[in-house]
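A.B. asks: Build me a structure from this.
(one chain, ligands or ions: 2)
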Amino acid sequence: YSLYPENTFVQRPIVVAHRGVPSLAPENTMVGYHLAYDLGADLIETDVQQTKDGQLIIMHDTTVNRTTNGTGNVADLTLEEIRSLDAGIKFGPEFAGEKVPTFREFLQGFKDKDIILLIEVKAENIEEQVLQEIKDEGMEDMVVLQSFSIDTVKKFREIAPGISVGYLYSASVPGSEQQRIQDAEQMLNYATTIGARLNSSYGSLSEESITYMRQRGIINMHWTFRSQEPFEELLKKGLIGPITDYTQWLTDAPTKI
Ligand code: G3P
Ligand code: CA
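C.D. replies: Ligands and ions are numbered 1, 2, ... in the order given. The predicted structure follows:
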């Protein structure tokens, strides 16, 4: 289930546009995703939740408060109520009128494009619905599914064995680097990729460990790069997939080959 075969090397990092390009456009909006694509991102990351009336929409927080002009929990609002909100105005007047995307709209927006969609499932028990919409659009080869929940990761492995699945790892735990690599190999029983929080136990791996993980087909996608320093250091060591708010910084960055 590796995204890239063992011993495949890349000449530049695989740039993952985190929620679109939130340094330049409102997060998790279609305008932001299209900007990420135009800037040359390789993957576009997004967050999926479910409305009160059972529809899949794109939003990071469990409430609409921070990113829209409305208030309330996503799970307590209907699709119609969420679609009536403005998801651009808080970022800047030039983005006024931008809507909260439905998951279907997100998929359809990139169906004919050369891109991989990194789909993070934030809500519980929506795995089958997410998969169904992907299948409806015939986009199984264009997605990576990911979650912080090991149960969701396992569920996807069961119902979507041909689709890449990522496990998001945020813990900072004691122990040697060797132990972390063994943990990662265990995670590979379920997942294709490991998305590690920068200051988690995978955030400061040595060059040797990164190389070892690459050779084992463990795709390391660290998040979230919001300053230049750590990504430059990690790219020098061979990090493959930086997840960033600043796609514009990374699409020309060299990485170890
Ligand atoms: O893709 C990894 C990253 O998105 C996980 O953190 O909080 O931005 O969803 P968060
Ligand atoms: Ca996310």
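A.B. asks: shaky segments in the stretch 151-257 of the chain?
C.D. replies: Flagging of the stretch 151-257 of the chain using pLDDT under 70 yields the residue ranges 253-257.
A.B. asks: now the helices: where do they sit in the chain?
C.D. replies: Read by DSSP state H, the chain holds these helices, from start to end of the chain: 30-39, 79-83, 103-110, 127-136, 150-159, 177-187, 207-215, 228-237, 247-250.
A.B. asks: How far off centre is the fourth one?
C.D. replies: For helix 127-136, the gap between its own C-alpha mean and the chain's C-alpha mean amounts to 17 Å (C-alpha atoms, centre = their mean, to the nearest Å).
A.B. asks: re earlier: make CSV out of the helices of the chain and add mean neighbour count and distance to Ser170.
C.D. replies: For the C-beta atoms, the positions are set from N, CA and C on the backbone; glycine is no exception. CSV is the format used below for the helices of the chain (neighbours: other C-beta atoms under 10 Å; distance: least, C-beta to C-beta, whole Å):
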stretch, mean neighbour count, distance to Ser170
helix 30-39, 21, 23
helix 79-83, 17, 27
helix 103-110, 19, 24
helix 127-136, 17, 20
helix 150-159, 18, 12
helix 177-187, 15, 13
helix 207-215, 17, 18
helix 228-237, 16, 16
helix 247-250, 22, 22
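A.B. asks: okay, the ones you listed in TSV with distance to Asp53 next?
C.D. replies: As requested, the helices of the chain are arranged in TSV below (distance: least, C-beta to C-beta, whole Å):
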stretch	distance to Asp53
helix 30-39	21
helix 79-83	6
helix 103-110	14
helix 127-136	13
helix 150-159	22
helix 177-187	35
helix 207-215	42
helix 228-237	40
helix 247-250	33
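A.B. asks: Can I get the ones you listed in TSV including distance to ligand 1?
C.D. replies: What follows is the helices of the chain, written out as TSV (distance: least, C-beta to the nearest ligand atom, whole Å):
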stretch	distance to ligand 1
helix 30-39	13
helix 79-83	19
helix 103-110	15
helix 127-136	15
helix 150-159	13
helix 177-187	15
helix 207-215	17
helix 228-237	14
helix 247-250	13
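A.B. asks: As CSV, these with distance to ligand 2 would be great.
C.D. replies: Compiled in CSV, the helices of the chain are given as follows (distance: least, C-beta to the ion, whole Å):
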stretch, distance to ligand 2
helix 30-39, 13
helix 79-83, 18
helix 103-110, 13
helix 127-136, 14
helix 150-159, 13
helix 177-187, 18
helix 207-215, 21
helix 228-237, 18
helix 247-250, 15
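A.B. asks: Which positions in stretch 88-100 come out as buried?
C.D. replies: Buried positions in stretch 88-100, judged by neighbour count with 16 or more other C-beta atoms under 10 Å: 88-89, 91, 95, 98-100.
A.B. asks: Done for today, thanks.
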